[in-house]
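In: sequence and computational prediction follow.
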Number of protein chains: 2
Amino acid sequence: MRAVIIGCGETGSYLVNEYSKKGYNISVVDKDERAFDKLPHNLNGVIKVVGDATDMGVLQHSFLASADIALVVTGDDDVNIMISQIARKYFNVKNVAVMISNAEKIPIFKDIDVKVICPAEMIISQFKE
Amino acid sequence: MRAVIIGCGETGSYLVNEYSKKGYNISVVDKDERAFDKLPHNLNGVIKVVGDATDMGVLQHSFLASADIALVVTGDDDVNIMISQIARKYFNVKNVAVMISNAEKIPIFKDIDVKVICPAEMIISQFKE
């Protein structure tokens, strides 16, 4: 099983760790090589790809075509929207999740089979009257 | 009603907007003045505080003591953990939510009445077998 994780910030590095524990082969992509410093050094089967994930070549190098799961968690909503759609539609990854900060952008995924996680929406729902 | 929002990144700026629409008076704190450029220019009753929110003086200036809701959403888990606890325990804010990227840190809130939002945990729960 392969999980491809796009963005190795705090959320991405945590996900790399967790899916590694689950026994997945993992590719993790970040445009900043230093982002990988957050990962433990003893992870097996983790491929680190430095590059801009909006570049199809970078996505191909990350083995997205053979991914069972793609988790798109860069800090940029527009990048996340683009990559998650490419993962689902072009690379035909069955399980795609995307993190979106600005909830106004969620309707973009209305007819797209991608799981959308929006922390802001969840915060607001905590305090619904 | 006053909402204090700590961190004016993508999530924070969305929350400022939403709570403004709900009619709240809002204070928003960020250490980088340029973060406020993301906010619409026509928001009423929004106090922007530039400063390090781990500084008690900055929190006092943000009227945290009279907040009904405090939402702590900087990009730094450790800062978020510290400020959300101060908001709940020291300023006695009744409704506090905090965003945490690294789920391993969630147990810190075991005995603290703060709502914890963890996008990584939510992503993992989407694909639980």
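Out: Thanks, I have it.

In: okay, CA-based contacts and neighbour counts for the rest of this
Out: Will do.

In: tally of neighbours for the residue nearest to A:Ala120 when sequence neighbours are not counted?
Out: With C-alpha to C-alpha, 6 or more residues apart in numbering or on different chains as the criterion, A:Ala120 has its nearest non-adjacent residue at 5.6 Å, and that residue is B:Thr11. Applying other C-alpha atoms under 10 Å in any protein chain shown, we find 24 residues neighbouring B:Thr11.

In: likewise the one 3 residues further on?
Out: The burial count assigned to B:Tyr14 is 20, neighbours taken as other C-alpha under 10 Å.

In: tell me the phi and psi of it?
Out: phi -60, psi -40 (degrees, to the nearest 10).

In: for A:Ile106, see how far away A:Leu15 is.
Out: To A:Ile106, A:Leu15 is 22 Å away according to C-alpha to C-alpha, to the nearest Å.

In: oops, could you answer that again for A:Val98 instead?
Out: In terms of C-alpha to C-alpha, A:Val98 sits 10 Å off from A:Ile106.

In: mutual contacts of the two, please.
Out: A:Val116 (C-alpha atoms under 8 Å, 6 or more residues apart in numbering or on different chains).

In: settle it for me: which of these two has more neighbours?
Out: A:Val98 (25 against 15).

In: in three-state terms, label the nearest residue to A:Val46 once chain neighbours are set aside for me.
Out: Leaving out its chain neighbours, the residue that sits closest to A:Val46 by C-alpha to C-alpha, 6+ apart is A:Ile26, at 4.8 Å. Secondary structure, DSSP: H, G, I helix; E, B strand; the rest coil: A:Ile26 is strand.
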